[in-house]
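Chemist: sequence first, then the predicted structure, then my questions.
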Amino acid sequence: MKKRLLTGLLTLLMPALALAGEYDLTVDRVKIDTGDFVKEGIGYNGKSPGPVMRFKEGENVRINVTNNLDEMTSIHWHGLILPFEQDGVPGISFPGIKPGETFTYEFPIVQAGTYWFHSHSGFQEPDGAFGAIVIEPEGREPFRYDREYVVQLTDKHPHSGDRIMRNLKMMPDYYNRQQQTVGEFFSDASKNGLMNTIQDRMAWGDMRMMKADVEDVQGFTGMINGMGPEQNWTGLFEPGERIRLRFINSSAMTYFDVRIPGLGMTVVQADGNNVQPVNVDEFRIGVAETYDVIVRPRDAQAYTIFAESMGRSGYARATLAPEEGMAASVPPMRDAPRLTMADMSGMPGMDHGDMDHGDMTAQGDMDHSNMSDMDHSAMMEGGSDPFYAKGSGIAPAAANGGKFLSYADLKAQKPLYEEREPTREIELRLTGNMERYTWSINGVKYEDADPIRLKYGERVRFKFVNETMMTHPMHLHGMWSILDVGAGEWNPIKHTVSVQPGTTVYMETEVDAPGQWAFHCHLSYHAAAGMFRKVIVEGSPDTTQAKADVATEEGGDA
Amino acid sequence: MSRIRTFMAVSLLSPILLPGAAAAQEMIADTSARKQALTSWGVQFEELEYRYSDDDEELGVWNADFFYGTDDLKVRWLTKGEYAIEEQAYEGLENQLVGQIPISDFFDAKAGVRFDTPEGPDRTYAVLGVAGLAPQWFEIDANLYVSDEGDTSAELDAEYELLLTNYWILSATLDATVAFSEDREIGVGKGLVSTETGLRLSYDLVDRALSPYVGVVHERKYGDTADYAESEGGSTKDWFAVIGARIVF
Ligand SMILES: [Cu+2]
């Protein structure tokens, strides 16, 4: 009765939401076959990954989620802008979904693009609880394509999430099988000289840090759309067609370097937001990020989609082909990278060489017109990626010597927000201790931390300083993260921002969503170990101002 | 309970009362597992081996530890034993129960009790120690003991692992015990009591959970301790060939 009244009111209030879609999802125990091993996992509607949810911008969706597990569950709609009670983070947005219970999510779709959804409970997401979201825009896409595929990547591990966390706590290098060996000592010695090699080993030994700490969970099988390299997911095409590939990295822990040998890619969207097209040969996709690219194979031949992990400990592989059963060669993985002292330069008390980045980020005042001309572009010409520490051991390079996508290349297709000065800056140091496998923000783990309080209507500039030797994909729920690439109003809009070791990265947020939100590193075991915060947005659309806004919006839509 | 109910009610209403949604902000406190300290546990048999000495003595030896706790406080049970197979007697049998807290980035402090119950007289000790990772990757465990007889002693364990490959590992260990007073009843003289040096070559067969190894161990007693051992007809220097496995789960 009450509900019907509510729906009635809703329709009256929001005439734009004429469309309504109802969807059902079940959360189930499933079997996952990677081709290398078979394991028990968690999936949606009986499989992992779950279904591709297709929404329309402007539609009001209702999603009935039934929990068939014997434990609590939840679904978070990654990257979607929605009321906070619908965001699906237990303990922050809602209490969670009990075993046997059906929870109905209901929210308007106010955006378009490629996103994904996943469980925010325990380690259900690493165990397989995720799926893709594709949202068709209200208007026309600013680029053409003849067909599209979702390419959802993950890193499927034979161990359960709980087991992995426990092993990492017991032995932080449990999964690292790329450590430096005696053999590497001798090969380095013959390359760089004995004394240099000894000095190098001593320097790292003094810090008790490993140059091999690029990926802390290895031993996975890379998967694309639920298929391992041997199972070879295949997308069909007719020569000459433009194919839109919606890459989603649903990994628990793994960054992938993606290329399609023989094909150039045009990046048209990042994290669901259109960007000015960039032609690249390869790109790195951080955990939880999405990139849409357009490829145009002209020949009737097979092409390999090759995604090797950033640490080169595993890869995912799929094929684009004119007919089923065709395959192209699978390139070998490149050598495992080693961190350098430049990647350590973000650590307090460490001063290695001249750090341009340090200088660049030292400016504490809000003078951001200066920042806009920041030497990002200048540095690009030098061939190095400004989002990596200068001299970083993990700075990417394209396999064919061509163009590797940098954050600095991402420019918004259309600014979503008006340019304005941030009202304040919040510094978030990304901290941790690999030997204890603790991860934190400003040295404090989530369990001991107070929430970050923001005020509705302000524009906050977040300053991330990575003081660890690992890359952290930082994800703010509920609001957009405007990544400062030095492009002013053309700065790209993202939901997940990777912060490389030894670097400082800025993003700005228009605080336009009241409620409580999660903010965390999207590496599953980093978040679980404490690199997590609650964000409280205090205040609400101010009576007068807010009403005016709503009125104009309604007028526009109607 | 009532908190959750209030929250649910507000969440139902919020679509129409959007400006009012702010009132819901303080409603829900995070009581999920994520907000609790992460507890963890583990079992580690650093040594589980068969030793064969140059005097044809055969020993079964273990050195294991079980822990449960959080980053801030762990409870640890350490157990060590040497069982003489022919004599069917424990040459050494010690158990420690300690609480452990972090004191620096790489080191923990430990405090607790130790019970020695080999063949012969028993001893109970108070234990105070530090354990952690020293620069250059030396694993260090240093302890101070005070026995119920009032005798004090100290023990230092150090270990270094050399990666021949990422699966073949050569590990070197050194244990040394020093007594600050003599405890004749258990055959301990003042000064350096004993050392045990080992070299083991292991292979990670199943992840890091099962790593079989072979190696050599040298045990030596010093000073008065050596004299006491000799007068009892025991040896003071022993070489052992060892075969065993490291087990972690
Ligand atoms: Cu992280």
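Modeler: All right, it came through fine.

Chemist: what separates stretch A:205-219 from the chain centre, distance-wise?
Modeler: 22 Å (CA atoms, centre = their mean, to the nearest Å).

Chemist: CA atoms only: put it into CSV for me.
Modeler: Provided in CSV are the C-alpha atoms of stretch A:205-219 (Å, rounded to 0.1, in the frame of the first residue of the first chain):
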residue,chain,number,x,y,z
GLY,A,205,68.5,-5.7,2.2
ASP,A,206,68.9,-2.7,4.5
MET,A,207,65.3,-1.7,3.7
ARG,A,208,64.1,-5.3,3.9
MET,A,209,62.2,-4.6,0.7
MET,A,210,62.1,-6.7,-2.5
LYS,A,211,62.6,-5.4,-6.0
ALA,A,212,60.3,-8.2,-7.0
ASP,A,213,57.3,-6.9,-5.0
VAL,A,214,55.3,-6.0,-8.1
GLU,A,215,52.4,-8.5,-7.6
ASP,A,216,51.8,-9.9,-4.1
VAL,A,217,49.5,-12.7,-5.3
GLN,A,218,50.8,-14.8,-8.1
GLY,A,219,49.8,-18.3,-9.2
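
Chemist: how about that stretch and chain B, touching?
Modeler: Yes. Counting by CB under 8 Å from any CB of the partner chain, contacts between stretch A:205-219 and chain B involve A:205, A:206, A:208, A:219. No exception for glycine: its C-beta is placed from N, CA and C like everyone else's.

Chemist: averaged pLDDT, that stretch. What do you get?
Modeler: When pLDDT is averaged over stretch A:205-219, the result is 96.

Chemist: may I see the buried residues of it?
Modeler: Residues of stretch A:205-219 classed as buried by neighbour count (16 or more other CB atoms under 10 Å in any protein chain shown): A:208, A:209, A:210, A:211, A:212, A:213, A:214, A:215, A:216, A:217, A:218, A:219.

Chemist: do stretch A:333-348 as well
Modeler: By 16+ other CB under 10 Å, the buried positions in stretch A:333-348 come out as A:336, A:337, A:338, A:339, A:340, A:341, A:342, A:343, A:344, A:345, A:346, A:347.

Chemist: list the contacts of it.
Modeler: Stretch A:333-348 is contacted from outside by A:178, A:180, A:203, A:207, A:209-214, A:308, A:310-313, A:315, A:350-353, A:355, A:357-358, A:389-394, A:399, A:465-469, A:500-504, using CB atoms under 8 Å, 6 or more residues apart in numbering or on different chains.

Chemist: for residue B:234, which three-state class applies?
Modeler: What DSSP: H, G, I helix; E, B strand; the rest coil gives for residue B:234 is coil.

Chemist: just flag the most distant two among the residues of stretch A:205-219 next to chain B.
Modeler: Pairwise distances across the residues of stretch A:205-219 next to chain B (CB to CB) peak at 29.0 Å, for the pair A:206 and A:219.

Chemist: low-confidence ranges, chain B, go.
Modeler: B:1-27 (pLDDT under 70).

Chemist: can you do 90?
Modeler: Residue ranges of chain B with pLDDT under 90: B:1-33, B:232-235, B:249.

Chemist: which parts of it sit against the ion?
Modeler: Neighbours of the ion within chain B, by CB under 5 Å from the ion: none found.

Chemist: quick one: neighbours of the residue of the stretch 351-500 of chain A found nearest chain B, just the number.
Modeler: Of all residues in the stretch 351-500 of chain A, residue A:447 sits closest to chain B, at 5.1 Å by CB to the nearest CB. Residues lying near residue A:447 (other CB atoms under 10 Å in any protein chain shown) number 17.

Chemist: what's the spacing between the residue of chain B found nearest chain A and residue A:95?
Modeler: Residue nearest to chain A within chain B (CB to the nearest CB): residue B:32, separated by 3.2 Å. Distance from residue B:32 to residue A:95, counting by CB to CB, to the nearest Å: 9 Å.

Chemist: mind listing the helices for the chain?
Modeler: All of this refers to chain A. For chain A, applying DSSP state H gives helices covering A:2-13, A:161-170, A:182-192, A:194-207, A:356-362, A:368-372, A:376-381, A:524-528, A:543-557.

Chemist: um, chain B though
Modeler: So, for chain B - with DSSP H - the helices run B:2-13, B:223-231.

Chemist: let's see the shortest one as PDB, backbone CA atoms only.
Modeler: Listed in PDB are the C-alpha atoms of helix B:223-231, where the atom choice follows Å, rounded to 0.1, in the frame of the first residue of the first chain:
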ATOM      1  CA  GLY B 223      82.900 -25.300  28.900                       C
ATOM      2  CA  ASP B 224      81.400 -26.800  32.100                       C
ATOM      3  CA  THR B 225      78.300 -27.900  30.200                       C
ATOM      4  CA  ALA B 226      80.600 -30.000  28.000                       C
ATOM      5  CA  ASP B 227      82.300 -31.400  31.100                       C
ATOM      6  CA  TYR B 228      79.100 -32.400  32.700                       C
ATOM      7  CA  ALA B 229      77.900 -34.100  29.500                       C
ATOM      8  CA  GLU B 230      81.200 -36.000  29.300                       C
ATOM      9  CA  SER B 231      81.100 -37.200  32.900                       C
END
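
Chemist: outside of that helix, which residues touch it?
Modeler: Contacts of helix B:223-231 (CB under 8 Å, 6+ apart): B:179, B:182, B:184, B:187-194, B:221, B:235-236.

Chemist: just the buried residues of those.
Modeler: B:179, B:182, B:187, B:188, B:189, B:190, B:192, B:193, B:194, B:221.

Chemist: let me have these in TSV, extended by distance to chain A.
Modeler: Shown next, in TSV, are those (distance: CB to the nearest CB, whole Å):
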residue	distance to chain A
B:179	32
B:182	38
B:187	36
B:188	34
B:189	37
B:190	36
B:192	28
B:193	31
B:194	29
B:221	33
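
Chemist: narrow the residues you listed to those in strands?
Modeler: B:179, B:192, B:193, B:194, B:221 (DSSP state E).

Chemist: which residue packs closest to the third one, ignoring adjacent ones?
Modeler: This points to residue B:193. residue B:177 (4.3 Å; CB to CB, 6 or more residues apart in numbering or on different chains).

Chemist: who are the contact partners of the one you found?
Modeler: B:153, B:154, B:155, B:192, B:193, B:194, B:195.

Chemist: again, 7 Å this time
Modeler: B:153, B:155, B:193, B:194 (CB atoms under 7 Å, 6 or more residues apart in numbering or on different chains).

Chemist: sorry, back to before: got the contact list for the residue of chain B closest to chain A?
Modeler: Residue B:32 makes contacts with A:90, A:91, as judged by CB under 7 Å, 6+ apart.

Chemist: again, but for residue B:198
Modeler: Per CB under 7 Å, 6+ apart, neighbours of residue B:198: B:173, B:215, B:217.

Chemist: for residue A:343, which non-adjacent residue is spatially closest?
Modeler: residue A:501 (4.0 Å).

Chemist: and residue A:493, what does it touch?
Modeler: Counting by CB under 7 Å, 6+ apart, residue A:493 touches A:273, A:412, A:416, A:480, A:482.

Chemist: from those, which land in strands?
Modeler: A:273, A:482.

Chemist: mind putting the contacts of residue A:493 in TSV, distance to the ion included?
Modeler: Shown next, in TSV, are the contacts of residue A:493 (distance: CB to the ion, whole Å):
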residue	distance to the ion
A:273	23
A:412	26
A:416	27
A:480	21
A:482	21
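
Chemist: quick revisit: nearest to residue A:277, of the contacts of residue B:177?
Modeler: Set against residue A:277, the nearest of the contacts of residue B:177 by CB to CB is residue B:155 (67.0 Å).
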